[in-house]
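> Sequence plus the predicted model coming up.
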Amino acid sequence: MAKREMIRNRFAKPCYTVGREGRGLFQASLALVIVIVGILMAVVFIKLRKPPARREQKVLAPLVTVRQLKAQDIQMVIRGYGTISPKVDVEIIPEVAGKVVSINPEFKAGGFIPANEQMLQIDPRDYELTVEQAKAAVADAQVKLDTEVAEAEVARREWQQLHPNAEPASPLVLREPQIRQKQATLESAKAQHAIAELRLERTNLSLPFDVLIVSEKVDLGQYVVVGQPLGVAYGIEAVEVEVPLEDEELAWFDAFENRVLQDSSEPPTKKTPATVRVDFAGAEHSWAGHVARTTGQVDRTSRMVSVVVEVPKPFDTSGGKPPLLPGVFVEVLIEGKVLKSAVAVPRDAIHSANKVWLVNDDVLHIEALEIARADKDFAYAMSGIDDGAMIVVSSLDTVVEGMKVRTQAEGQPKNDDTHQRGEVASRSETD
């Protein structure tokens with residue numbers, strides 16, 4: 001039995017090995033078939049696929065913002081800056097000595113005192129007595145003169161009685177020298193009386209114009225002496241501002257008119273208008289003024305010429321604006337000459353000193369201008385640009401003469417689908 005079992009096992013084992021190898025071969029063949037079928041299907045799909053449609057991309061020219069320019073008569077405005085200073089600045093100094101017995105309540109920093117109104121009073125009693133003495137001296141001199149004249153009349157009658165139809169050989173006979181002496185004494189007494197009256201008048205300190213008190217250094221009862229400063233005051237009728245300008249700017253208004261050619265004693269017949277502007281007290285305010293003069297010299301450091309602009313009635317607050325106080329920094333706009341048939345070109349549209357980009361039928365052209373004057377906002381051209389021309393006021397990375405552009409008026413909102421820059425050369429692209 002054991003021998004028979006051994007024979008069976010030996011013949012059965014080879015049959016088991018052959019079954020496993022056949023199944024592996026089948027699986028490999030199946031995988032190969034699947035791969036081949038997949039490749040064949042991929043080839044078929046590729047062959048049957050339609051080629052993509054080729055579409056030419058739309059050419060987008062650069063989008064630029066343009067502004068239409070118009071030729072017109074343009075008033076030139078010369079702009080400058082400066083600091084307000086008083087036209088009249090006086091130091092209050094007494095001309096007589098004495099004790100201060102009265103002070104105006106407005107005689108303090110910031111106070112306004114009208115013209116000829118008393119600022120302070122120095123004790124006048126000593127000067128009143130001096131006036132009385134001077135009056136007495138005048139009266140005494142007048143009596144002596146009258147007496148001398150009467151004696152001269154008596155002497156004349158006596159001479160005529162003794163020497164009819166004859167003139168005295170000496171003027172002493174008719175007392176003429178004595179009369180002239182008494183007349184001189186009288187005139188001297190009158191002069192002394194006038195001096196006494198003047199000193200009495202000077203005990204009352206006042207100014208002949210309206211003033212703003214800037215500072216004061218005196219108290220009631222204080223003894224003051226001649227020449228002692230008691231305060232500082234500004235005249236409120238006008239203020240001035242000194243505006244430094246380049247010498248080339250002086251060609252645009254009459255800075256020297258009526259100052260050299262005419263008699264200096266005559267006031268100028270023409271005044272160049274100016275406007276003074278300032279941000280003060282929370283708002284912007286302006287005052288009308290005029291060019292008064294130049295300083296008459298060129299600054300050695302900056303090489304600039306200063307023009308003095310005068311503003312009348314700077315403390316007039318009737319219009320609701322604050323007073324124009326000394327020390328305020330202001331902007332000054334001087335009205336200059338008029339450019340005839342000129343074009344105002346924005347400064348941002350000027351390239352390479354004097355060139356602009358013009359658009360005509362969506363084609364860009366580069367033109368050179370003849371610029372007469374330029375300020376911080378505009379350049380004013382007299383030639384090189386036609387009336388009604390469309391000028392590019394936006395920027396471009398690359399500019400070529402004759403290039404195609406798309407235009408949009410200044411101030412018009414831009415569309416999102418067109419707010420992009422295309423290339424000038426056309427090209428095709430595969431989707």
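Looks like it arrived, so ask away. A quick note: this is a predicted structure, and the numbers were derived from the prediction, not measured.
> Centre of the chain to the strand or helix carrying Leu364, how far?
For Leu364, the host element (DSSP states H and E) is strand 363-368. Chain-centre distance of strand 363-368: 36 Å, with C-alpha atoms, centre = their mean, to the nearest Å.
> Following that strand in sequence, what is the next regular element?
strand 370-374.
> Give me the buried stretch members for that next one, please.
Residues of strand 370-374 classed as buried: 371, 373 (neighbour count, 16 or more other C-beta atoms under 10 Å). Just so you know, the C-beta spots here come from the backbone N, C-alpha and C atoms, and that holds for glycine as well.
> swap in stretch 175-191?
Those would be 175, 178-179, 182, 185-186, 189-190, for stretch 175-191 by 16+ other C-beta under 10 Å.
> just curious, which of those is nearest to Asn104?
Of all these, Asn104 sits closest to Lys190, with 33.1 Å by C-beta to C-beta.
> Just checking, which helix or strand of the protein averages the lowest pLDDT?
strand 428-430 (a mean of 33; mean pLDDT, DSSP states H and E).
> Next, format the buried residues of stretch 175-191 as CSV and append distance to Val33.
Shown next, in CSV, are the buried residues of stretch 175-191 (distance: C-beta to C-beta, whole Å):
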residue, distance to Val33
Arg175, 171
Gln178, 168
Ile179, 166
Lys182, 163
Thr185, 159
Leu186, 157
Ala189, 154
Lys190, 151
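> ok, for the residue nearest to the spatial centre of the chain, nearest residue in space, not its chain neighbours?
Centrality entry for the chain: nearest residue to the mean C-alpha point is Glu331, 1.4 Å, by C-alpha atoms, centre = their mean. Counting by C-beta to C-beta, 6 or more residues apart in numbering, Arg277 is the residue found nearest to Glu331 once chain neighbours are left out, at 4.7 Å.
> Flag the shaky bits of the stretch 151-300 of the chain, pLDDT-wise.
173-174, 257-269 (pLDDT under 70).
> That one: strands as residue ranges?
Under the criterion DSSP state E, counting those that start in this stretch, the stretch 151-300 of the chain carries strands at the ranges 204-205, 211-216, 223-224, 231-235, 238-245, 273-280, 283-298.
> wait, which of the ones you listed is closest to Thr65?
strand 283-298 (29.3 Å).
> Which positions within the closest one qualify as buried?
285, 287, 289-294.
> Output those residues in JSON lines, with distance to Asp377 appended to each entry.
Formatted as JSON lines, the buried residues of strand 283-298 follow (distance: C-beta to C-beta, whole Å):
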{"residue": "His285", "distance to Asp377": "22"}
{"residue": "Trp287", "distance to Asp377": "22"}
{"residue": "Gly289", "distance to Asp377": "22"}
{"residue": "His290", "distance to Asp377": "24"}
{"residue": "Val291", "distance to Asp377": "22"}
{"residue": "Ala292", "distance to Asp377": "27"}
{"residue": "Arg293", "distance to Asp377": "28"}
{"residue": "Thr294", "distance to Asp377": "26"}
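> What is the nearest of those residues to Ile78?
The shortest approach to Ile78 among the buried residues of strand 283-298 belongs to Val291, at 9.6 Å (C-beta to C-beta).
> Number of residues surrounding the spatially closest residue to that closest one that is not a sequence neighbour?
Closest residue in space to Val291, ignoring its immediate chain neighbours: Thr272 at 4.1 Å, by C-beta to C-beta, 6+ apart. For Thr272, the tally of surrounding residues (other C-beta atoms under 10 Å) stands at 20.
> Could you do the one 5 residues further on as well?
Residues contacting Arg277 under the criterion other C-beta under 10 Å number 14.
> Any idea what it is bridged to?
Ser286, Glu331 (DSSP bridges).
> Which residues lie in contact with it in this structure?
The contact partners of Arg277, taken as C-beta atoms under 8 Å, 6 or more residues apart in numbering, are 284-286, 330-333.
> Please convert those residues to a markdown table, extending it with distance to Ser215.
Shown next, in a markdown table, are the contacts of Arg277 (distance: C-beta to C-beta, whole Å):
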| residue | distance to Ser215 |
| --- | --- |
| Glu284 | 30 |
| His285 | 26 |
| Ser286 | 29 |
| Val330 | 23 |
| Glu331 | 29 |
| Val332 | 28 |
| Leu333 | 33 |
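> Which parts of the protein belong to which domain?
Here the domain parsing of the chain from automatic domain parsing is 1-49, 63-69+350-430, 77-87+237-336, 92-119+207-231, 124-202.
> Nearest to Ala342, out of the ones you listed?
Using C-beta to C-beta, the nearest of these to Ala342 is domain 63-69+350-430, at 4.9 Å.
> ok now the closest one, how far from the chain's centre?
32 Å.
> quick revisit: got the domains of the chain as TSV, with distance to Ala342 columns?
Formatted as TSV, the domains of the chain follow (distance: least, C-beta to C-beta, whole Å):
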stretch	distance to Ala342
domain 1-49	68
domain 63-69+350-430	5
domain 77-87+237-336	12
domain 92-119+207-231	44
domain 124-202	61
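> I'd like to know which of those domains is closest to Ala344.
Comparing those by C-beta to C-beta, domain 63-69+350-430 comes nearest, at 4.4 Å.
> Was I right to think Gly110 contacts Glu216?
No - in this structure Gly110 lies outside contact range of Glu216 using C-beta atoms under 8 Å: 10.2 Å.
> can you give me the strands for the stretch 1-150 of the chain?
54-56, 63-68, 72-86, 89-92, 98-103, 112-113, 120-122.
> Give the full set of residues in contact with Asp123.
Counting by C-beta under 8 Å, 6+ apart, Asp123 has contacts 98-101, 203.
> neighbour-wise, which of these leads?
Highest neighbour count within the contacts of Asp123: Thr203, with 24 neighbours (other C-beta under 10 Å).
> And the furthest pair within the buried residues of stretch 175-191?
For these, and using C-beta to C-beta, no pair is farther apart than Arg175 and Lys190, which are 21.8 Å apart.
> So for stretch 313-323, mean pLDDT?
For stretch 313-323, mean pLDDT rounds to 86.
> Give me the buried positions along that stretch.
For stretch 313-323, the neighbour count (16+ other C-beta under 10 Å) marks 314-315, 321, 323 as buried.
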